[in-house]
Structures are given as structure tokens and as C-alpha cells.
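K.L.:
Mind folding the following:
(one chain, ligands or ions: 1)
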Amino acid sequence: MDRSKKPAAIGVGASLPQPSIAIKDNTISASLPSGESVTIHLYGATVTSWKANGQEQLFVSQKAHLDGSKPIRGGIPLVFPFLGKSSSESAETAGQEKADLAVKLDFGLSHTMLTEEFRKAWPLEFGLVYSVTLTKDTLETSLQVRNEGTQNFEFQVLMHTYFNIDNISNVRVKGLDSKTYVDKTRNATSHTETSAALAITEETDRVYKELDPAVPVIISSADDDKPIFSLTRKALTDVVVWNPWIEKAKGMADFGPDEAYQNMLCVEAGAVSGWQTLEAGEAWEGGQIIKSRL
Ligand SMILES: O=P(O)(O)OC[C@H]1O[C@@H](O)[C@H](O)[C@@H](O)[C@@H]1O
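P.N.:
Residues are numbered from 1 along each chain as shown. Below you'll find the predicted structure:
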């Protein structure tokens, strides 16, 4: 029987604005209806852009190699399985999920996908899932490492975030006070941080150790003390603070322009001062959550 007052179908949000995902050349981009977006270069699954509050939040060198010939100088290169050699293998899109007003992109890599050269250098059976999640207020990157072999292995991880900042002299790094750090610019000697608001005034390359991942490290404005970025971590207890400063910046072929050291600061969540041991068949997960201009 035809009903004149036919009930409408229960809304499942089909007409609500939805996140969108686009794949172009070697990049995948996701945008929220509220305007935030993230772009990931499929080479090394490097996040190369995060736009929030109408502004680009990440620094990428104008001379960065985007053709897969070198790790990308900027954004968030993921370093695995050890520091000193950046991840140089292409990750493959393993899947995509959408949930409310968040977008999560997963990138998978396993030992079977590696080149012969890389397998020789690290002949272990592993699986990685690298997830990049964009919400209105945050960018989250997390890594799951699975040991798919029969022997234990050790690894390090670093989420090497290049923050885009207006001027290095106008920022301070908070949350490091009283922490022990290894200063790579002073023959890797150990020191204790005495500043509650660290100013970067020279080449800086420090590994801060044994931090509580739940306590944010904050990049704040020196003028009004307002937070610009906050970084909380999961299972990553080290934080690297790096700025190449004048001479090192000039010496890096893929860093440009020379003065761009003034517009970036790397604050990197990691597990790099020791080793994570992963038993056969086990999985480990760690990550970072970044909030911008809180
Ligand atoms: O040149 P790369 O390998 O990208 O590394 C850049 C910097 O990355 C930092 O994480 C290291 O602490 C520095 O020592 C290093 O110089």
C-alpha cells in the first residue's frame, strides 16, 4: 500500500560533510570539512604537510628531495629500525578508515617488501603499520612494530618532526627542565637541563631521556608564553631537540634556503637512547600526538 506519510530513512549522516581523501602522484591527502588537512608522501610515508588553523604547521626544506632518492628533509620522516640511517623504503598504503570527524591513514611495510640491500642490512622478519590520524585539533602519528620471526630483535624509533615556526629566537621549549640529556654538539656528554623554557641560540642537538610520555613538551612563544605546539607521546620516552643553526644549515645540500634554520625546530619523539627489545611473535606500539596553537 502506498503511504502518503512515508517515514524518512533514518539518517546515517550521508548528507553531512565528510572527510575527503585524494591520491595524486606520490602523495595521499586527507581533509576535514572544518578545513584541516594532512598530506603524506608515499616515499617513506613521510607526512609533508599539516594544515590547521589556516596555516602550515610543518617545515619542509625548499631543497628537499621528493623523488625517493633521499629521505625527505622536513615534515615528519619516520626513522626505523635505528637512528643514524633514516627509513628509506617506500611504504605502501595498507588501508584507510574514516571515523566521525577524524581521518586515519595506515601505511604498511614488511620485510617481504624490502629491497635486497635493506634485507641484508637488517635481516629480520618484521611488520610495520604506521598510522597518521588527523582530527580537528590534533595530528597523531603512531607506529606498530610486529616481530614476525622466531628470534628476538632490537630497534629504535624516531618521529622526526620539523615544526614550522616564525622565528627561532621567538620560541622556547618547555617540559625538559631537570631532565638528563646527551648533547651531540659536545661530544655526546651528559648534562641536566636547568632551563624551564629553553631558548635555541646556537646549533642544538640533544637527546633528552626518560621523559614521562604523558607530560607534554611545549614549544611556546617567547613574547607571551602562549603554547604554539604541544607534543605528548605514547611509549616514546626520549625527545630529541635539533636545530642545525647557521653553518650546518649551509652545509646540508638538501636544506634551503640557508636562513631557513630560523623557521624550523625539530622536536622529535623517540626511543633512541636505548633499544626496544621485541620478542618473537610480539608487537610494540608507540606514537605522538601534536596539538597546534592551542
Ligand atoms: O641529516 P639527518 O639524518 O636527516 O638528521 C638530521 C638530524 O636529526 C637529528 O635527529 C639528529 O639528532 C641529528 O644529529 C641529525 O643531524
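K.L.:
Kindly confirm my reading that residue 228 is in a strand.
P.N.:
Yes - membership of residue 228 in a strand is supported by DSSP: H, G, I helix; E, B strand; the rest coil.
K.L.:
just checking, residue 282 touches residue 147?
P.N.:
Yes - using Cβ atoms under 8 Å, residue 282 is in contact with residue 147, at 5.4 Å. For the C-beta atoms, the positions are set from N, CA and C on the backbone; glycine is no exception.
K.L.:
By mean pLDDT, which helix or strand of this protein comes out lowest?
P.N.:
Across the helices and strands of the chain, mean pLDDT, DSSP states H and E gives its lowest value to strand 92-99, namely a mean of 35.
K.L.:
just the CA coordinates of stretch 197-215, formatted as PDB?
P.N.:
Extracted in PDB, the C-alpha atoms of stretch 197-215 (Å, rounded to 0.1, in the frame of the first residue of the first chain):
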ATOM      1  CA  ALA A 197      62.000  27.500  29.000                       C
ATOM      2  CA  LEU A 198      64.800  26.500  26.700                       C
ATOM      3  CA  ALA A 199      65.900  29.200  24.100                       C
ATOM      4  CA  ILE A 200      67.700  28.000  21.000                       C
ATOM      5  CA  THR A 201      70.600  30.300  20.300                       C
ATOM      6  CA  GLU A 202      73.100  28.000  18.600                       C
ATOM      7  CA  GLU A 203      73.400  24.600  17.000                       C
ATOM      8  CA  THR A 204      71.400  22.300  19.200                       C
ATOM      9  CA  ASP A 205      71.300  18.500  19.000                       C
ATOM     10  CA  ARG A 206      70.200  16.900  22.200                       C
ATOM     11  CA  VAL A 207      68.600  13.700  23.200                       C
ATOM     12  CA  TYR A 208      66.500  14.200  26.400                       C
ATOM     13  CA  LYS A 209      66.000  10.900  28.200                       C
ATOM     14  CA  GLU A 210      63.500   9.200  30.500                       C
ATOM     15  CA  LEU A 211      60.600  11.700  30.000                       C
ATOM     16  CA  ASP A 212      57.100  10.800  31.100                       C
ATOM     17  CA  PRO A 213      55.300  10.500  27.700                       C
ATOM     18  CA  ALA A 214      52.100  11.800  29.100                       C
ATOM     19  CA  VAL A 215      53.600  15.100  30.100                       C
END
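K.L.:
Alright, that wraps it up for me.
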